[in-house]
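Engineer: Requesting a structural model of the entry that follows:
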Amino acid sequence: KKTEEEERRKKEFEEKLKEIEIQTEKEAEEKRIQLLEQQKIEKQRQKEIEEERQRIIERQNREKQKKEIEEQNKRFINEQRLKQAQQKSAERQAEEKRLKEIEEAFKQRELEAEQIQKEFEEAERKRFLALKRLDEQRLRDLKEIEQIENYRKAVELKKQQEVLEAVELLNKFLDPASETGSMLNPPTHILEAITDLSEFLENERKTRGVSNDSFNNIMDEIVIR
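Structural biologist: Numbers count the residues shown, from 1 in each chain. All right, here's what the predicted structure looks like:
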């Protein structure tokens with residue numbers, strides 16, 4: 001019994017030890033994943049810092065270049081002024097002539113810019129007018145389409161009315177109570193079909209008008225009978 005108890009305790013100890021090892025491995029894996037995630041975040045942060053640093057450097061370089069250009073322009077102007085003060089009369093006249101040419105070229109460019117702006121505004125105005133004309137034409141087209149549709153509806157209603165009147169006339173003509181109907185003595189199914197057609201056309205006229213398909217179906221039914 002003592003040996004069995006020892007074996008049981010040993011087995012329990014080994015199972016607990018195994019559970020501890022599994023838990024330890026799980027915690028280690030979680031820490032590893034967490035560490036990788038932190039490293040990933042840190043890497044991303046470093047990347048963002050580096051990108052921001054590069055942007056700052058580029059901005060500083062642009063500002064530096066801008067300042068250098070401004071300084072060069074200032075130095076050029078100062079040199080031109082100094083030369084104008086130091087040079088002889090002929091050289092001074094040549095420089096003044098050159099400056100005048102530059103000013104005229106600048107004015108010319110200003111005039112060209114104004115002309116381009118005017119042409120752009122004129123193009124915008126023409127574009128607006130063209131769009132306005134297109135919109136007006138679209139409205140006229142829609143109105144014309146509506147008029148055509150209304151005309152077609154009126155023609156269709158007129159045709160339906162004429163068909164209805166013809167059916168009613170035929171119905172009266174073939175009515176056994178009439179003189180012509182008593183002489184012709186048409187079959188009952190023809191009279192029933194004509195009566196059904198007359199009622200159908202009247203109902204359809206009162207609601208929405210008879211469609212061509214409905215009318216053709218009724219006429220086919222009369223022929224089959």
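
Engineer: what's the burial count for residue 197?
Structural biologist: 22 (other Cβ atoms under 10 Å). Just so you know, the C-beta spots here come from the backbone N, C-alpha and C atoms, and that holds for glycine as well.

Engineer: quick one: it and residue 166 touch, right?
Structural biologist: No. The criterion here is Cβ atoms under 8 Å, and residue 197 misses it with residue 166 at 10.3 Å.

Engineer: Please, where are all the strands along this structure?
Structural biologist: Counting by DSSP state E, the chain has no strands to list.

Engineer: which regions of it sit below the pLDDT cut-off?
Structural biologist: Residue ranges of the chain with pLDDT under 70: 1-2, 87-90, 170-171, 173-196, 198, 201-202, 204-225.

Engineer: ranges for the helices of it?
Structural biologist: Assignment of helices within the chain using DSSP state H yields the ranges 2-86, 89-174, 179-184, 188-207, 212-224.

Engineer: Distance of residue 53 relative to residue 60?
Structural biologist: Using Cβ to Cβ, to the nearest Å, we find residue 53 at a distance of 10 Å from residue 60.

Engineer: what about residue 172, how many neighbours?
Structural biologist: 14.

Engineer: Please apply the same query to residue 137.
Structural biologist: Residue 137 is flanked by 10 other residues according to other Cβ under 10 Å.

Engineer: what does residue 165 give?
Structural biologist: For residue 165, the count of nearby residues is 11 (other Cβ under 10 Å).

Engineer: go on, residue 164?
Structural biologist: Neighbours around residue 164, by other Cβ under 10 Å: 18.

Engineer: Can you give me the distance of it to residue 203?
Structural biologist: Residue 164 is 10 Å from residue 203, by Cβ to Cβ.

Engineer: Ok, residue 97 next?
Structural biologist: Distance of residue 97 to residue 203, computed by Cβ to Cβ: 100 Å.

Engineer: go on, residue 44?
Structural biologist: 76 Å.

Engineer: What of residue 9?
Structural biologist: According to Cβ to Cβ, residue 9 and residue 203 sit 99 Å apart.

Engineer: Ok, residue 159 next?
Structural biologist: Residue 159 is 17 Å from residue 203, by Cβ to Cβ.

Engineer: Who has more neighbours out of those two?
Structural biologist: residue 159 (14 against 11).

Engineer: Buried deepest among the helices of the chain, which one?
Structural biologist: Mean neighbour count (mean count of other Cβ atoms under 10 Å) peaks for helix 188-207 among these, with a mean of 15.
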